[in-house]
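Asker: sequence and predicted structure are below.
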Amino acid sequence: MELLPTSNAHVDSKDVWTRFLKQKEKIIECYGDYPDLCGLLHKYIKSADHALVLGANNSTVGESLYDVGYHSLVVVDSNENAIKKLVAKNENKRPEMQFASMDFGKMTYDDDSFNAILDRGTVDSLIWQDKSGDIQEKLSGLFQQIHRVLKLAGRFICVSFAQDDVVKPVLEYFSNEGWPVRIHKLPDKEQDDSGDGKKEFRPPVYVFVCTKFKKMPQMTKKILEVCLHDNQPTKRYDTIDAIQSVVQETQQYAMVRYNIQNRNQTEDGISVVLCNSTTNQPRYTLHVVDSISTKRAHQKFAIFIVPEGRETEWLFASDAGRSIVASQAGFQRVLITCLHRDNTYENLDAIKKELSQKVMELAPPGLDRKHKVPFLTIGDDLGYREVRYRGNSDFSGAFVVEDVRSGEGAMLRRLVFLSAKDAVQSEVRLLPEKPKKKGKQGSETETTQVTQIDTSYLACGYQRFQVVGMATIPQFQSLLEKRLDMLIIGLGGGIIPMFIYTHFPKVYLDVVDIDPAIVDVAKNWFGCVEDERMTLHAEDGIKFIAEKAKQDTGHRYHDVIFDIDSKDLSVGMSCPPKVFVEVEFLQMVKDKILHPQGVFQLNLVARDKELKEQVIQDIKSVFPTVLRGSIEDTVNEIIYAFPHASPLSDAQLKESVKKAAVAMQKIAKSSSTPVDPETDLSKVLEGLVIQC
């Protein structure tokens, strides 16, 4: 399987290109010689075609074409001395080959003279070498001449490095004339050593194939195509901008590859995605991680395969986690490789075979291309992932429900939002039930295993904080014996409400989520129930609260939890949306929704420190007492806000809620479904900060 790379990194290429363009002979060589171009040239030019070759520098390609049967060739260049040398070189060996000296923009050939026109870097050089400022005029003159002297159905073949100032003029002129334009990318060649163990820069090379059609007024749609690899089907694009983006992506990878191969220490966050060349679907993501303090300096390079389904774990999903993996592996550079869903991976040996050549493009400088790279992983297999359900939400985009196996061997079910870099929205642990009789067929009794959701398991620290928030309510123990009313805005997979529902039978919950698709997922795949104790509302939380406040029936919730992710990526706060923490709205929650002796809880996720502190100040302007709890290794912060001033000192208040958390743990453990042993609610509140 051929793998096509793209990269997330953005490397400043200006200096590299400046140095490269000073090496004239190197530039000509990088365009490729006849062996590099012959496949495409023979595809688009017939041996009997009358072909025009632009530029004396391209004569070697023309000579090679002549030698394999292309005898009707004309080489043209504005440099008369260069043409004289070519005539002297070829007049006896290639007697039918013609040469002429003339300005490309003022060619004297008749209209419709040629079946094909070949350019290898001439358009590039016009742009790079022109200092007069009339480059557009020169390009227009050249393109008009090509249009004039080329026959209908003839082809203009332009070999180029496809920089933006080349791509746009070529595509705009010929597509506006009604010509289909197809861009091929030549296979990457090995970058040469510069003599000091480093690689020389070799830019990717592209071949524009522009086919002359008669311009027809009714044909308003441009025909623009790209083929990045011989084994990849040609793909059509609607706009020039889209074509430029595709080309820029491959150029960016070339620049990233050059930088990686010439540096012993890369920047954090560089990753490369390898796609199936046939389907263009992502197959591998390779994170380049360099370890400064490796003790085994002779061990330079290794590949670490992340087992399927574990790529969302902190250890493999964050720069900090991946640095730990690389350091423990003991190699100078490790490519931490994640396997994408919707692909089949036979075994580790098959993955080695697929990646062994491609990964050497990302090897550290000085490493022999024949070096045998070790492949590392955890355990004896490639992990486990089964996609159970796919959906699409009007609010969150595409998502999947998938079952995976954790590093400890536990089976987990996850709700994953694909639009947010495979963010795990919810995670539960699965418990297989005992086989049950299903019925008889013939003489055998069939059995089936039913998957059961473990509602005693809380995967995330912030979930424990939100559950134990009940313990901050005065007299919460007596409420848990009678009735405690709770409102949760934000459902997800329903992990928090189901934990509370299972372990505290006197809690009655209203759970609101704006997304009907997610409400269905919670019920159908995460075991979320609806009955007289728990009601699920598929509606906007803002409108739900506003309507409750308007009705003002006197009913108040003892515990109000906001756990809502924001879809606005332009704001440095991913939870909650800004509208939920506006002062006026918070005042409505305090005055009309929350019980006077209740608690308001907020899951706050804000990377913008100023915005975060502003939200805290706004909450404090509404609620007299505020407690803040931070979760280790996350940006989450849980806010507990109370509508009343506490008569206790800060120290007394902290001690009071800690004791309440211990009591809450005892209640949870004594329920008919005991709490998971790893979930110790009594220790959750140890890191609280009081802000009055």
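Answerer: The structure has been received and is ready for your questions. Residues are numbered from 1 along each chain as shown.

Asker: contacting residues around Glu637?
Answerer: Leu604, Val605, Ala606, Lys612, Arg628, Gly629, Ser630, Ile631 (C-beta atoms under 8 Å, 6 or more residues apart in numbering). For glycine as for every other residue, the C-beta is placed from the backbone atoms N, C-alpha and C.

Asker: and it, what element?
Answerer: strand 636-642 (DSSP states H and E).

Asker: what packs against the helix or strand harbouring Phe600?
Answerer: Using DSSP H and E, Phe600 sits within strand 594-606. Here strand 594-606 touches helix 461-468, strand 557-562, strand 573-575, helix 609-622, strand 636-642, going by 3 or more C-beta pairs under 8 Å, 6 or more residues apart in numbering; DSSP states H and E.

Asker: so that strand versus strand 636-642, what angle?
Answerer: Using axes from the mean of the first three to the mean of the last three C-alpha atoms, to 10 degrees, the direction of strand 594-606 lies 160 degrees away from that of strand 636-642.

Asker: could you check the angle strand 557-562 makes with strand 594-606?
Answerer: Here strand 594-606 runs at an angle of 20 degrees relative to strand 557-562 (the same axes, to 10 degrees).

Asker: how big is the angle separating strand 594-606 from helix 461-468?
Answerer: 170 degrees.

Asker: from Gln587, how far off is the closest residue to Ser630 other than its chain neighbours?
Answerer: Counting by C-beta to C-beta, 6 or more residues apart in numbering, Ser630 lies nearest to Glu637, which is 5.2 Å off, once chain neighbours are set aside. Look at Glu637 and Gln587: by C-beta to C-beta, to the nearest Å, they are 22 Å apart.

Asker: specify the angle between the strand holding Glu637 and helix 609-622 in degrees.
Answerer: 10 degrees.

Asker: any idea which helix or strand comes after strand 636-642?
Answerer: With DSSP H and E, the next secondary element past strand 636-642 is helix 650-669.

Asker: residues of that next one that come out buried?
Answerer: Neighbour-count burial for helix 650-669, counted by 16 or more other C-beta atoms under 10 Å, picks out Leu653, Lys654, Val657, Lys658, Ala660, Ala661, Met664, Gln665, Ile667, Ala668, Lys669.

Asker: equivalent analysis for stretch 469-479, please.
Answerer: Gly469, Met470, Ala471, Thr472, Ile473, Pro474, Phe476, Leu479.

Asker: which of those lies closest to Phe104?
Answerer: Gly469 (75.8 Å; C-beta to C-beta).

Asker: wait, what's in contact with the closest one?
Answerer: Applying C-beta under 8 Å, 6+ apart to Gly469 gives the contacts Asp559, Ile561, Val599, Gln601, Ile638, Tyr640.

Asker: sorry, back to before: need the contacts of Glu637 in TSV (columns: distance to Asp124).
Answerer: Formatted as TSV, those follow (distance: C-beta to C-beta, whole Å):
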residue	distance to Asp124
Leu604	53
Val605	48
Ala606	48
Lys612	50
Arg628	59
Gly629	60
Ser630	56
Ile631	55
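
Asker: coming back round to it: can you tell me the strand partners of the strand holding Glu637 and which way each runs?
Answerer: strand 594-606 (antiparallel), strand 625-630 (antiparallel) (DSSP bridges).

Asker: tell me the angle of the last one relative to helix 650-669?
Answerer: To tie it back to what came earlier, the one meant is strand 625-630. Using the same axes, to 10 degrees, strand 625-630 lies at 60 degrees relative to helix 650-669.

Asker: how far off centre is strand 625-630?
Answerer: 34 Å (C-alpha atoms, centre = their mean, to the nearest Å).

Asker: for that strand, give the mean pLDDT please.
Answerer: Averaging pLDDT along strand 625-630 yields 85.

Asker: wait, what's in contact with Lys506?
Answerer: Leu479, Leu480, Glu481, Lys482, Arg483, Leu484.

Asker: out of the helices and strands packed on strand 594-606, which gets nearest to Thr122?
Answerer: The nearest among the helices and strands packed on strand 594-606, by C-beta to C-beta, is strand 573-575 at 51.0 Å.

Asker: packing partners for that closest one?
Answerer: Checked by 3+ C-beta pairs under 8 Å, 6+ apart, strand 573-575 has strand 594-606, helix 609-622 packed alongside it.

Asker: the stretch 51-200 of the chain: strands as residue ranges?
Answerer: Counting by DSSP state E, counting those that start in this stretch, the segments of the stretch 51-200 of the chain that form strands are 51-54, 73-77, 98-101, 114-120, 150-160, 181-185.

Asker: most neighbours per residue, which of these?
Answerer: Among the strands of the stretch 51-200 of the chain, strand 51-54 has the highest mean neighbour count (mean count of other C-beta atoms under 10 Å), at a mean of 26.

Asker: which residues does the closest residue to Leu152 other than its chain neighbours contact?
Answerer: Nearest residue to Leu152, sequence neighbours excluded (C-beta to C-beta, 6+ apart): Lys212, at 5.6 Å. If you count contacts by C-beta under 8 Å, 6+ apart, Lys212 has them with His147, Leu150, Lys151, Leu152, Ala153, Gly154, Arg155, Phe156, Trp179.

Asker: again, 7 Å this time
Answerer: Applying C-beta atoms under 7 Å, 6 or more residues apart in numbering to Lys212 gives the contacts Leu150, Lys151, Leu152, Ala153, Gly154, Trp179.

Asker: go on, Val53?
Answerer: Gly62, Leu73, Val74, Val75, Leu118.

Asker: give me that answer again for 10 Å
Answerer: 59, 61-63, 65-66, 70, 73-77, 97-99, 116-120, 122, 157 (C-beta atoms under 10 Å, 6 or more residues apart in numbering).
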